[in-house]
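*Asks:* got a sequence here, can you model it:
(2 chains, ligands or ions: 1)
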Amino acid sequence: MTGPTTKSNISDPETWIDQHGDYLFRFAMSRLRNEETAQDIVQETLLAAIRARDNFSGKSTERTWLTGIMKHKIVDYIRKAQRERPASEFESDEQDVDFLFDQRGHWKDEFAPAEWNANPAELMERKQFWEQLDRCLGKLPERLSQAFSLRMIDGMKTEEICKVLDVTPTNLWVMLHRSRARLRGCLEQNWFGHEGDEGQ
Amino acid sequence: MMNCKQAAELVSQALDRKLSLFQRIALWFHSRQCLLCRRYENQTNQLAMLVARYMEAVQSFDPPSEQRLSPEFKEQLRAQLQAALREEDAKTGDAQSTD
Ligand SMILES: [Zn+2]
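*Replies:* Numbers count the residues shown, from 1 in each chain, chains lettered A, B, ... in the order given. Here you go, the predicted structure:
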């Protein structure tokens, strides 16, 4: 039995698992960092996609469409988790980046931005770079990495992220600043390196 | 006079909101005299552009083995999808009688 023609531009849902399963799982893991939660999200995504099959227009690729559904599921999950956490948790100052600067607010020598040898534009093609980026994102405290991913990877508007994470804009700017500074430092240490500085 | 700590905060905020004229001028004056903050600004902006292409980049590489679904989970998932499909087909079968 063949389905109605409206479904012809989408492949059989059973093939989604082999074609996109690992990719979706990796995406969910990078955001949620918990295997079980990530599996649940992949499952919810594919089931929701089956119900919404007729809405697939074929304008984007199937994978992009599935990813779009999953992003919503992840945001819902984060929003719910946020509501269940103690409200005071954000203000922990151990996440701040004051340690980068001295008393007068100048860069400390050991944390001062070094010159980068690699050209970031060429890094697109380097598999190892993205794996290192994943590791650096993984070192961020959970909430900082959620804020960072929603903003910088998904390109979500700051007002929307404030609602999801239940924070004020000022709090969010602080969180994003901390995550950017930490991520830059981590990549400098582990990727861009200080080669050539040590000679004197 | 703005210091590096404040400059770094504004470099980041500039990616999230429109800075006031006063802030933009203060940042510009600081950066003009401070090589480290110029670097910080460049690198932060470069990383922002790079990270914006994260999805595109990771799609072109196979995920490392620890980031793949286990075969057991895939089997379980397959069974669930099949059940959901049967349910959906039953529904659309009913609905299509109006066509
Ligand atoms: Zn400076």
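*Asks:* which ones are touching A:Ala48?
*Replies:* With contacts defined as CB atoms under 8 Å, 6 or more residues apart in numbering or on different chains, A:Ala48 is in contact with A:69, A:73. To be clear about C-beta, it is placed using only N, CA and C from the backbone, and glycine gets the same treatment.
*Asks:* just the pLDDT at it, thanks.
*Replies:* Among the per-residue scores, A:Ala48 holds a pLDDT of 94.
*Asks:* buried sites along whichever strand or helix holds it?
*Replies:* Following DSSP states H and E, the helix or strand that holds A:Ala48 is helix A:35-51. Judged by neighbour count (16 or more other CB atoms under 10 Å in any protein chain shown), helix A:35-51 contains these buried residues: A:35, A:37-39, A:41-50.
*Asks:* let me see the domain layout of the chain.
*Replies:* Going with chain A. A:12-84, A:87-198 (automatic domain parsing).
*Asks:* switch to chain B, that's the one I care about
*Replies:* Taking automatic domain parsing as the reference, chain B has its domains at B:1-61, B:69-99.
*Asks:* quick check, the first one touching the ion?
*Replies:* This means domain B:1-61. Yes: Domain B:1-61 comes into contact with the ion (CB under 5 Å from the ion), by way of B:4, B:7, B:34, B:37.
*Asks:* and the first one, what is it in contact with?
*Replies:* Contacts of B:Cys4 were listed using CB under 8 Å, 6+ apart, and they are A:101, A:105-107, B:30, B:34, B:36-37, B:40.
*Asks:* neighbours of B:Glu66, how many?
*Replies:* B:Glu66 sits with 8 neighbouring residues when counted by other CB atoms under 10 Å in any protein chain shown.
*Asks:* low-confidence bits of chain A, can you list those?
*Replies:* Within chain A, the segments meeting pLDDT under 70 span A:1-9, A:86-94, A:194-200.
*Asks:* if we use 50, what do you get?
*Replies:* A:1-8, A:194-200 (pLDDT under 50).
*Asks:* any idea how far the residue in it positioned nearest to chain B is from B:Cys4?
*Replies:* In chain A, the residue found nearest to chain B is A:Gly105; the distance is 3.2 Å by CB to the nearest CB. Shown here: A:Gly105 relative to B:Cys4, a distance of 6 Å by CB to CB, to the nearest Å.
*Asks:* circling back to that earlier point, show me the residues of domain B:1-61 next to the ion that map onto strands.
*Replies:* Helix and strand membership here follows DSSP state E; of the residues of domain B:1-61 next to the ion, not one is in strands.
*Asks:* tell me which of these is nearest to chain A?
*Replies:* B:Cys4 (5.1 Å).
*Asks:* and the pLDDT for the closest one?
*Replies:* According to the prediction, B:Cys4 has pLDDT 98.
*Asks:* now do the strands in chain A.
*Replies:* Taking DSSP E as the test, none of chain A falls into strands.
*Asks:* ok, the residue nearest to the spatial centre of it - contacts?
*Replies:* By CA atoms, centre = their mean, chain A has its centre lying nearest to A:Ser149, at 3.1 Å. Shown in contact with A:Ser149 (CB under 8 Å, 6+ apart): A:30-31, A:137.
*Asks:* spatially nearest residue to residue 82 (excluding sequence neighbours)?
*Replies:* Picking chain A for this. In this structure, A:Gln82 finds its nearest non-sequential neighbour in A:Asp166, 5.0 Å apart by CB to CB, 6 or more residues apart in numbering or on different chains.
*Asks:* wrong chain, I was asking about chain B
*Replies:* If the residues on either side of it in the chain are set aside, B:Gln82 comes closest to A:Glu14, at 6.8 Å by CB to CB, 6+ apart.
*Asks:* just checking, that neighbour touches B:Leu81?
*Replies:* Yes: with contact defined as CB atoms under 8 Å, A:Glu14 reaches B:Leu81; the gap is 5.9 Å.
*Asks:* more neighbours: which of those two?
*Replies:* When A:Glu14 and B:Leu81 are compared for neighbours, B:Leu81 comes out ahead with 20 against 14, by other CB under 10 Å.
*Asks:* quick one: the longest helix along chain A to helix A:35-51, angle?
*Replies:* Scanning chain A for the helix with the most residues, using DSSP state H, yields helix A:62-83. Interaxial angle, helix A:62-83 versus helix A:35-51 (axes from the mean of the first three to the mean of the last three CA atoms, to 10 degrees): 130 degrees.
*Asks:* for helix A:62-83, buried residues please.
*Replies:* Of the residues in helix A:62-83, those with enough neighbours to count as buried (16+ other CB under 10 Å) are A:62, A:65-67, A:69-71, A:73-75, A:77-78, A:82.
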